[in-house]
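In: Take a look and give me a structure for this.
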Amino acid sequence: MGMFDVEFQEEINLKEGNKSLFEFVKKQFLKDKDYETKIEKESLSIPKCNINTYLRYNLNITTSTNKKDKTSQILVNAELHDTLILAILVILAIPFTYGIGIIFIVIFTYYQKIQATKHLRKLLENYKSTI
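Out: Numbering: from 1, shown residues only. The predicted model follows:
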């Protein structure tokens, strides 16, 4: 996991199963754009997804069910996809700004991570309120 990747875990009570969660998340992200999605038994993958940010992330949501407690653990993992663009910006920032521009690039990227984390947590809270 990289410094600018999003990863968190939440516990949720899935009454209708994984399908309803995955369809809810898919519907929320497919409002604006058409993303390539991959739904498996216990995971959802959306590559090159804008999670309410300027940078793109590879989103992966995995669930694991505990049958004793009838609860599910949801692991949300969003890996930063636009690393090449950031690397080019860092390389250009060194000679043109004497390295000071790198600070702004790091702050911007970290802010994008915070925005993506807030958006994904809010999305899960909205799902919890619908069940």
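In: mind showing which ranges of this protein have poor pLDDT?
Out: 1, 32, 69 (pLDDT under 70).
In: Longest helix in it, by number of residues?
Out: Determined from DSSP state H, the single longest helix within the chain is helix 101-130.
In: List the buried residues of that one.
Out: 101, 105, 109, 112-113, 115-117, 119-120, 123-124, 127 (16 or more other CB atoms under 10 Å). (Each C-beta comes from the backbone N, C-alpha and C, glycine too.)
In: In a markdown table, list the residues you listed along with distance to residue 34.
Out: Converted to a markdown table, the buried residues of helix 101-130 look like this (distance: CB to CB, whole Å):
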| residue | distance to residue 34 |
| --- | --- |
| 101 | 34 |
| 105 | 29 |
| 109 | 26 |
| 112 | 22 |
| 113 | 25 |
| 115 | 22 |
| 116 | 20 |
| 117 | 24 |
| 119 | 19 |
| 120 | 20 |
| 123 | 19 |
| 124 | 23 |
| 127 | 22 |
